[in-house]
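Participant: Could you work out the structure for the sequence below:
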Amino acid sequence: MNTHEAGVYDTPDDLLAEFFDDPADREGVKREAERLAAEERGARLVELRERASATREDVARRMGVELARVINLESGAFSPPRVDLSRIDELETSTSDELIPLAQFIFDLAAYIQAIGGDVRIEITQPGGRVWFLPAPTDRTNADLLYTILKQKPESLKVVAEMDGFRTEVA
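Facilitator: Take a look at the predicted model:
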């Protein structure tokens, strides 16, 4: 924790440590926050789909997946895996077992948004304020570009959907 100024924290873990002595309690708070974020993401996807006047079946057909996958995306059953960016230098390639689930999650969101007629952008903010905008990941090239950018330890990664003038962050 940052001990220079009360109420200033270097990491979210430092904040949680101030209020929860037990590490298990801190992990529980993190899990609940992730669950709520997944639920909110699912609600945003449903809102986008309804704006597009599409059914779940339409989306599944356009994505080329089973209906259950669409239902899982909308219910928040799929969440982005945690990637410890402090360890990213240890990962040798974009096919690392730790990065594949993250790339797949982003691919699924992009495919969903495109299936309802929306546009997808990935916004990656680097230290110093530089922002990268990637097109929707649809192939191996974009996965490699995502990996290259992650190797630079970004401050944030967002998946943004735009449709008919409506813009929302979905991850």
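
Participant: Would you state the helices of this protein in chain order?
Facilitator: Listed in chain order, the helices of the chain (DSSP state H) span 12-19, 23-51, 56-63, 67-75, 100-115, 140-150.

Participant: any idea which of those helices is most buried?
Facilitator: Most buried of the helices of the chain, by mean neighbour count (mean count of other C-beta atoms under 10 Å): helix 100-115, with a mean of 20. C-beta: built from backbone N, CA, C; applies to glycine.

Participant: what's the angle between it and helix 56-63?
Facilitator: Calculated by axes from the mean of the first three to the mean of the last three C-alpha atoms, to 10 degrees, helix 100-115 forms an angle of 110 degrees with helix 56-63.

Participant: just checking, what packs against helix 100-115?
Facilitator: helix 23-51, helix 56-63, helix 67-75, strand 119-125, helix 140-150, strand 156-163 (3 or more C-beta pairs under 8 Å, 6 or more residues apart in numbering; DSSP states H and E).

Participant: could you dump the ones you listed to CSV with mean pLDDT?
Facilitator: Converted to CSV, these look like this (pLDDT from 0 to 100):
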stretch, mean pLDDT
helix 23-51, 86
helix 56-63, 94
helix 67-75, 92
strand 119-125, 81
helix 140-150, 66
strand 156-163, 80
